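Engineer: next comes the sequence, and after it the predicted model I'd like to discuss.
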Amino acid sequence: MLTLLEQIDQGTLWRAIGGIHPPERKTLSNTSKISCLPLADEYIVPLTQVGDNAVLNVTIGDYVTKGMNITNGDHFGYLPVHSPTSGHVTHIEQRPSNHPSGLPQLSCVIRPDGLDTLSDNIHPKLALSDIENFSAQDVLSKIQRAGIAGLGGAAFPSHIKLNPASDIEFLIINAIECEPYITSDDMIMREQSDAIMQGIAIIYQLLTPKRLIIAIEDNKPQAIDIMQQALNRSLLPKDGVRITSVPTLYPSGGEKQLIQILTGQEVPSGAIPAQLGILVQNVATCYAIQDAVLRNYPLIERVVTITGNNVSTPGNYWAPIGTPISHLLSHTGFSGNNTDKVIIGGPMMGYALYNDNAPILKGTNCVLLPNETEMAPEQKELPCIRCGECAVVCPAQLLPQQLFWHAKAKEYDKALNYNLNDCIECGCCTYVCPSNIPLVEYYRVAKSAVKSEIEEKKQAELAKQRFELRTQRLEDEKNARDAKQKEAAQRRKANMSGSDKDAVALAMARIQAKKSIKPTESDAINLSPESKSDNKRDAISAAVARAKAKKAALNSTINVSATPTNTDENTSATAADDKQAKITAAVARAKAKKAALKATGQISEGPNTTDNNPSLTAADDKQAKIAAAVARAKAKKAALKATEQISEAPNTTDDNPPPTAADDKQVKIAAAVARAKAKKAALKATEQISEAPNTTDDNPPTAADDKQVKIAAAVARAKAKKAQAKLDNEKD
């Protein structure tokens, strides 16, 4: 059985998986030589084309020369940006980007002076033999300083790709260019074959592979012949180096697909070809490498295919990086209207650009300007019929149907389980889908979302690490302080005398004694006057004080020693207490009436035991009644006055809130007691009158006197009722 190297030497090819064969449409642009365009009015150079962010080293108004470096950076992935022509920097501002989103990006705008003056760093081309003494690091530094990136479309920094971590056994030069319409690689092979071979020789010197394969699709017979002749003229070894013609099939130009066709090896999911000892480099990149190494000429221009039925002069043009697309359209005879598409790239993997002021980038290999007959009209997306055609044509052996369902449902984790990242976005599945589902667009959105999630998780992990490091640092600082304090305490303890130790022991004993004493409730209140229990105690004390004040006012007004119905410990009378007070008052009134009746009977029935004290007459009886009525009126007036004094007592402190329902009941009880005492006083007065002697008979009472007594009694009762009504109104 032949070994892999022997099979490769014999030109053996392995079967390609999947793929389609759409109309090529390459004859529109590959029948004429590469042309040059006149200088544009301005060049828009994005500052973040490829690699890491750079720092701009020019300002507005500065003069720059062609090929001059206008950015600085020190990261290993940094690629400098160069001026595409000589002129002045007019703006440094946000300009539309060459991206499907059209989002603006920071750009340096250069207005050319028309001289196209070269930078001093660019020198005449050296011979290939002149660099034999260069080290590999010197060559890689030249490639990086020239800003060389992959020109096949990916625009990956070439100095990183040409410095793999493992040995390279197979070096593959990719000249397939399988996508329809695009012919830039085809034309550069026809016109710059010797320069390309010099670039391949430089790469071969860097990697020293066992085999070198230049793969060209069989629909480019002229390029195959020219490259074969250039290979025979080159300094490359004749053994292990060959040009292989590959059958035309899209997307056989994909890196992993081409490796499988030429070597039969499959790159595992998530791996790169360098891990298998294989490296793939684009043919146009080889041309740029020889310019960078032999001339110090940076990547400031490239060949761009401008094609389609909407352009009058389709072909391939040398376009400086930063040339506005509108300049390309105006000088190639664009005949479309504002609604026609401008596609960057080919019809399969390209994207529509809706702002023709965007510039040409390093990865821009084609500007497609189709009319309505070349591009199918946009059709409505229909439900998937599960025909499986997308899985048949997938060159990456994926399951596009499953990826579509999970991408549409935003189940990105499940889409990753179906190797979403292995999709090369070739568009074969979209091309064959009978339901007109834009599958690749769903995959692109899903990839972008996954990338955003990964970046967020990365930032969150970094934030977590920073937090943990800060926590550990603070903990270490605290432990260091504690250790320092402990060490200082030990030093002080060692330096203390006997008396100092005794004083410390006594102080510690006092502290322990204080801690062992549990404070009482009153102490707790005194120690924490702002606590909630302290507020409750103040409220209770204020209520008790108000009750005592009312009791004192009542006793001083009535001048009797009455026991209050409520104690200091029970200031709030319930509904039952109120009812009991009313019953007590009613009983007191009944007893008073009974006593008054009894006193009246004693007056009329009382015996006269002495001669000097004859029996009371009818006039004396009336006089006694008048005196009793007057006494009752005075007693009621005194009770009313006492009640009014209680209700009008001033509240001079903030600790005496307005009377509550309990206070109102206390007032009612006090009024009842006052009425009882008044009746008691009236009864006593009546008894005194009935017992008083009548020493004269010279002034007997008349009918007028009897009437006067009745009027006085009626007036007294009216005043008493009025006072009671006023008291009730004030309570309400």
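Structural biologist: Yep, it's here. Residues are numbered from 1 along each chain as shown.
Engineer: let me know the pLDDT of T567.
Structural biologist: At T567 the predicted local distance difference test score is 41.
Engineer: what does the one 3 residues further on give?
Structural biologist: We have a pLDDT of 43 for N570.
Engineer: and for the one 3 residues further on?
Structural biologist: At A573, the pLDDT value in this model is 42.
Engineer: then E374?
Structural biologist: Reported pLDDT for E374: 88.
Engineer: wait, what's in contact with the residue lying closest to it once chain neighbours are set aside?
Structural biologist: Of all residues beyond its chain neighbours, the one nearest E374 is N309 (5.6 Å), with distances taken as C-beta to C-beta, 6 or more residues apart in numbering. Just so you know, the C-beta spots here come from the backbone N, C-alpha and C atoms, and that holds for glycine as well. N309 makes contact with 369-371, 373-374 under the criterion C-beta atoms under 8 Å, 6 or more residues apart in numbering.
Engineer: need the helix or strand of this protein with the lowest average pLDDT.
Structural biologist: Ranked by mean pLDDT, DSSP states H and E, the weakest helix or strand in the chain is helix 521-527, scoring a mean of 50.
Engineer: and the residue nearest to E374, that one's in a helix?
Structural biologist: No. The assignment for N309 (DSSP: H, G, I helix; E, B strand; the rest coil) gives coil, which keeps it out of a helix.
Engineer: gap between it and F334?
Structural biologist: As defined by C-beta to C-beta, to the nearest Å, N309 lies at a distance of 11 Å from F334.
Engineer: need the overlap of contacts for those two.
Structural biologist: Between them, N309 and F334 have L369 as joint contacts when contacts are counted by C-beta under 8 Å, 6+ apart.
Engineer: could you list the domains of the protein?
Structural biologist: Residue ranges for each domain of the chain read 1-31+123-297, 384-494, 534-604+615-731, as given by automatic domain parsing.
Engineer: now the end-to-end length of the shortest one.
Structural biologist: Terminal residues of domain 384-494 are spaced 87 Å apart (C-alpha to C-alpha, to the nearest Å).
Engineer: those helices in the stretch 401-550 of the chain, which residues are they?
Structural biologist: In the stretch 401-550 of the chain, the segments counted as helices under DSSP state H, counting those that start in this stretch are 412-417, 428-432, 439-495, 498-516, 521-527, 532-558.
Engineer: can you list the buried residues in the shortest one?
Structural biologist: Right, helix 428-432. Along helix 428-432, these residues count as buried under the neighbour rule (16 or more other C-beta atoms under 10 Å): 428-432.
Engineer: would CSV of those residues with distance to N355 and pLDDT be doable?
Structural biologist: CSV is the format used below for those (distance: C-beta to C-beta, whole Å; pLDDT from 0 to 100):
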residue, distance to N355, pLDDT
C428, 29, 96
C429, 29, 96
T430, 24, 95
Y431, 27, 94
V432, 31, 95
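Engineer: which of the helices of the stretch 401-550 of the chain sits closest to A149?
Structural biologist: Taking C-beta to C-beta, helix 439-495 is the member of the helices of the stretch 401-550 of the chain nearest to A149, at 20.1 Å.
Engineer: distance of the residue minimising distance to the centre of the chain relative to I8?
Structural biologist: Centrality entry for the chain: nearest residue to the mean C-alpha point is E456, 11.3 Å, by C-alpha atoms, centre = their mean. Going from E456 to I8 by C-beta to C-beta gives 45 Å.
Engineer: what of Y418?
Structural biologist: Y418 sits 33 Å away from I8, going by C-beta to C-beta.
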